[in-house]
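>>> One predicted model, sequence on top.
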Amino acid sequence: MARVYLSFLGTNDYLSCCYFKNDKKLENVRFVQQATLKFFCDDWTLEDRILIFTTDEAYRKNWLNDGHQDHEGKILKQRGLRYCIKSLKLLPSVHRVAIPEGKTEQEIWDIFQIVYDSLRIDDEVVIDITHAFRSIPMLAVVVLNYAKVMKKIALHGIYYGAFEVLGSIQEARRVPATERLVPVFDLAAFDQLLDWTLAVDRFLGAGDAKAVSALATKAVMPILKDSKGGDAAAAAIKKMADSLENYTRNLATCRILEIDQSVVSLRERIEKSRHLDLVKPLFHLFEPIEQQVREFKGDIVGDGIQAAKWCLECNLIQQGVTILFETLITYLLVRVGAGYLDEGLRNAASSAAQLYSQNKPENKWKGDAAIHAGITKKIMKLCAKNTEVAKLIDRLREVRNDLNHSGYKKGSLKARDLEKKFRSELKRAALLCRTSDNG
């Protein structure tokens, strides 16, 4: 796993400045790369590398020595970036990489490919975008995120020397070089925000919280390590991510009884985390998550319907059908005042709906339906009052069997038809339970 420094060299005749970052400071240097290399790559080894991307013009004017002229056409004697980097006496190898100017769409794609090809699997990247021109900063963010997926790189810093704090170039020239103080900003937080955005989108779209959990762990583990677990803000973020992952794990494995508990925990963790200084840029990202869990009200039937809806939104069709079917069994038992945690009663309730549809007499009842005949009768009576509930359970039973047999069943539905059927049955179930709640 090697480290790589990337930077783009422009064509301007840069002024000497004093660049600083926290307690780091480098005086009287023309190129911001001198500062960011000294600040962040000083301890790098021979296994690491430094890549400077230049157009042909930037190569002539700023990579080589004496590339600029004064107003009279005389050559200005000044060191180019190649010499300046060499003078830092760093161990990594230094490579100048030629790129086109990016004046056409094809040239922009060429730059993308050149930068991407320069990266290796598992590289740890530091990039300076101060002198990146035109669309390069945006392109750099895109190619680096692409490389995160394709080459598993890790981005350790995006640095920018804010020369504009000195005003215009004319104003800056009037300031002595020793007083041209230019801060170096680390913009990696914006890249992290993009990672969080994608992770939250993955959670909302696919019900998968692993990316959120991984990001939270990555963000807070160094703090927890340094403080031996004592940093309250970092600990709260970690617990929030753990609660979120636990919630989605319960959905994925159809743990209906544990969903309510995980939702309560998740609500508490989100409320604590969203007000912390550590995650203020993530404030709006927590809102859709909070909105989703707000729909769970602590009612076993209503929350089962909500869990099934969430599964549908996340394309977890098999889990959603299972949750919805079992929720309707719970609904029957709750309506007749029976315990919905008893396995025998659940079997009896499931059979009762089927027995009602088949109009089977009591002397033909078997298993738990016969053992718990009193409950079976009550549920059949309930089905008689509302024939839709038995029909709904029977249709869902068919869908669940179709899914569980992986299509190895006569008359199996196509995937799209299964999803469509689940969606329609879910609407009917939500209406049925809501109507029943209202009397």
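That came through fine. Numbering: from 1, shown residues only.

>>> Going by C-alpha atoms from here, please, whenever you check contacts or count neighbours.
Fine.

>>> Can you tell me the SS state at residue 130?
coil (DSSP: H, G, I helix; E, B strand; the rest coil).

>>> ok, now how distant is it from residue 187?
As judged by Cα to Cα, to the nearest Å, residue 130 and residue 187 stand 11 Å apart.

>>> Where does pLDDT dip in the stretch 301-439 of the chain?
435-439 (pLDDT under 70).

>>> For it, which segments count as helices?
In the stretch 301-439 of the chain, the helices defined using DSSP state H, counting those that start in this stretch lie at 317-335, 343-358, 367-371, 373-385, 387-404, 415-437.

>>> and the gap between residue 164 and residue 46?
Plainly put, residue 164 is 35 Å away from residue 46 if you go by Cα to Cα.

>>> Equivalent analysis for residue 172, please.
Separation of residue 172 from residue 46 (Cα to Cα): 38 Å.

>>> Check for me that residue 97 belongs to a strand.
Yes. When three-state DSSP is applied, residue 97 is found to be in a strand.

>>> Report the beta-bridge partner residues of it.
residue 53 (DSSP bridges).

>>> ok, now which ones touch it?
Neighbour list for residue 97: 51, 52, 53, 54 [criterion: Cα atoms under 8 Å, 6 or more residues apart in numbering].

>>> mind checking pLDDT for residue 282?
On the pLDDT scale, residue 282 is placed at 61.

>>> The nearest residue to residue 331 once chain neighbours are set aside: how many residues sit nearby?
In this structure, residue 331 finds its nearest non-sequential neighbour in residue 301, 6.0 Å apart by Cα to Cα, 6 or more residues apart in numbering. Residue 301 has 23 neighbours, counted by other Cα atoms under 10 Å.

>>> hang on, isn't residue 301 packed against residue 325?
No. Residue 301 lies out of contact with residue 325 (Cα atoms under 8 Å); the separation is 11.0 Å.

>>> Max pairwise distance over the contacts of residue 97: which two?
Largest separation among the contacts of residue 97 by Cα to Cα: 51 and 54, giving 9.7 Å.

>>> Looking at those two, which one has more neighbours?
More crowded of residue 51 and residue 54, by other Cα under 10 Å: residue 54, with 23 against 20.

>>> do you know how far that one is from residue 271?
Per Cα to Cα, residue 54 is found 48 Å from residue 271.

>>> and residue 172 and residue 46? which has more neighbours close in?
Ranked by neighbour count (other Cα under 10 Å), residue 172 and residue 46 place residue 172 first, with 18 against 11.

>>> Report the contact partners of the closest residue to that one other than its chain neighbours.
Closest residue to residue 172 apart from its sequence neighbours, by Cα to Cα, 6+ apart: residue 166 at 5.4 Å. Each residue near residue 166 by Cα under 8 Å, 6+ apart is listed here: 172, 180, 181, 182.

>>> Do you know the pLDDT at the third one?
This means residue 181. 95.

>>> The residue lying closest to it once chain neighbours are set aside: helix or strand, and which one exactly?
In this structure, residue 181 finds its nearest non-sequential neighbour in residue 18, 4.9 Å apart by Cα to Cα, 6+ apart. Per DSSP states H and E: residue 18 is located in strand 17-21.

>>> Who are the packing partners of that strand?
Contact here means 3 or more Cα pairs under 8 Å, 6 or more residues apart in numbering; DSSP states H and E; on that basis strand 17-21 packs against strand 24-29, helix 32-40, strand 181-186.

>>> which residues are contacting it?
If you take Cα under 8 Å, 6+ apart as the criterion, strand 17-21 is touched by 25-30, 32, 35, 39, 161, 177-185.

>>> Now stretch 417-424: buried residues?
The neighbour-count check on stretch 417-424 (16 or more other Cα atoms under 10 Å) flags 418, 419, 421, 422, 423 as buried.

>>> For the fourth one, give me its contacts.
Spelled out, that is residue 422. Residue 422 is in contact with 317, 321, 396, 399, counting by Cα under 8 Å, 6+ apart.

>>> any idea which of those has the most stuff around it?
Top of those by neighbour number is residue 321, holding 28 neighbours under the definition other Cα under 10 Å.

>>> Make sure I have this right: residue 84 is in a helix.
Yes. Judged by three-state DSSP, residue 84 forms part of a helix.

>>> Can you lay out the buried residues of stretch 417-424 as TSV showing distance to residue 210?
Shown next, in TSV, are those (distance: Cα to Cα, whole Å):
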residue	distance to residue 210
418	27
419	25
421	29
422	26
423	26
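
>>> tell me which of the residues you listed is nearest to residue 59?
Checking these against residue 59 by Cα to Cα gives residue 419 as the nearest, at 58.4 Å.

>>> Report the separation between the closest one and residue 399.
With distances taken as Cα to Cα, residue 419 is found 10 Å from residue 399.

>>> got it, and residue 262?
28 Å.

>>> how many neighbours does residue 401 have?
Number of residues near residue 401 (other Cα under 10 Å) recorded here: 15.

>>> Enumerate every residue touching it.
Applying Cα under 8 Å, 6+ apart, no residues contact residue 401.

>>> just the CA coordinates of stretch 299-315, formatted as CSV?
Written as CSV, here are the backbone C-alpha positions of stretch 299-315 (Å, rounded to 0.1, in the frame of the first residue of the first chain):
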residue,chain,number,x,y,z
ASP,A,299,-47.7,-0.6,17.3
ILE,A,300,-46.9,-4.2,16.4
VAL,A,301,-49.3,-4.4,13.5
GLY,A,302,-48.8,-0.9,12.2
ASP,A,303,-45.0,-1.2,12.5
GLY,A,304,-45.1,-4.5,10.6
ILE,A,305,-46.9,-2.8,7.7
GLN,A,306,-44.4,0.0,7.8
ALA,A,307,-41.5,-2.5,7.8
ALA,A,308,-43.0,-4.2,4.7
LYS,A,309,-43.3,-0.8,3.0
TRP,A,310,-39.7,-0.1,3.7
CYS,A,311,-38.7,-3.5,2.2
LEU,A,312,-40.7,-2.6,-0.9
GLU,A,313,-38.9,0.7,-1.2
CYS,A,314,-35.5,-1.1,-0.8
ASN,A,315,-36.5,-3.9,-3.2
